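Peer 1: Generate coordinates for the sequence data below:
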Amino acid sequence: MELIASFSVDHTKIVPGIFTSREDRVGDNVITTYDIRLTRPNREPAVDVAAMHSLEHIIATYVRNDPDWKDEMIYWGPMGCLTGFYIILKGSRTPREIYDLILKSFRYVEEVQIVPGTTPENCGHYLMHNLGMAKLYAARFADYLEVNSDNPAIFEYPKTERLVTDDGQHFFDS
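Peer 2: Okay, the predicted model is just below:
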């Protein structure tokens, strides 16, 4: 099987930030998936599951209601490795162009008093939320984004290169 694009990112070098994961054409439209990485994979602990769940609910609700972005919004959800989120938007923008949206979204978490959609009718695991921890992660990530806003490393994926030998063998070199 062919390796998917997200597995060609060098996870030993990625830092928290905002990255373009992929762009897809659907008819005449471009759909862009962004990697919103909160922690350094394999070097920092993954985000607490209950906090991640709360961040998902709060930020998905926020971006789907933001007057400037709600019509562009397709999806907001956690990565399986619990080191960040994916946001899928209509159109093609650079990570720097969505920086303000992401920063505002994480700052918004700090203001929230109740996690939206946490009833048995609204959520598949409504008891697994932790607003206090979500606020902690959100503040830490927003502070990091502000301090590093001029650092290109928070906007550019460290890619691995897939090298192919003369006899067709594939191997990675980062």
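Peer 1: lowest-confidence helix or strand of this protein?
Peer 2: Lowest on mean pLDDT, DSSP states H and E among the helices and strands of the chain sits strand 170-173, with a mean of 49.
Peer 1: how much space between Glu110 and His53?
Peer 2: To His53, Glu110 is 17 Å away according to CB to CB, to the nearest Å. C-beta coordinates here come from the backbone N, C-alpha and C atoms, glycine included.
Peer 1: Pick out whichever of those two has more residues nearby.
Peer 2: Neighbours of Glu110 and His53, each counted by other CB atoms under 10 Å, are more numerous for His53; the result is 23 against 12.
Peer 1: Check whether that one really touches His129, as I assumed.
Peer 2: Yes: at 5.6 Å, His53 and His129 qualify as touching, with contact defined as CB atoms under 8 Å.
Peer 1: Give me the nearest residue to the residue most central in space within the chain, chain neighbours excluded.
Peer 2: Taking CA atoms, centre = their mean as the criterion, Ile36 is the residue nearest the geometric centre of the chain, at 2.3 Å. Among residues not flanking Ile36 along the chain, Phe85 sits closest, at 4.4 Å (CB to CB, 6 or more residues apart in numbering).
Peer 1: The one you found: neighbour count?
Peer 2: Count around Phe85 with other CB under 10 Å applied: 23.
Peer 1: for Asp150, same thing?
Peer 2: Neighbours of Asp150 using other CB under 10 Å come to 6.
Peer 1: Doesn't it belong to a strand?
Peer 2: No: Asp150 sits outside any strand when classified using DSSP: H, G, I helix; E, B strand; the rest coil, being coil.
Peer 1: tell me the strands in the chain, going along the chain?
Peer 2: 17-26, 29-37, 73-78, 84-90, 161-164, 170-173 (DSSP state E).
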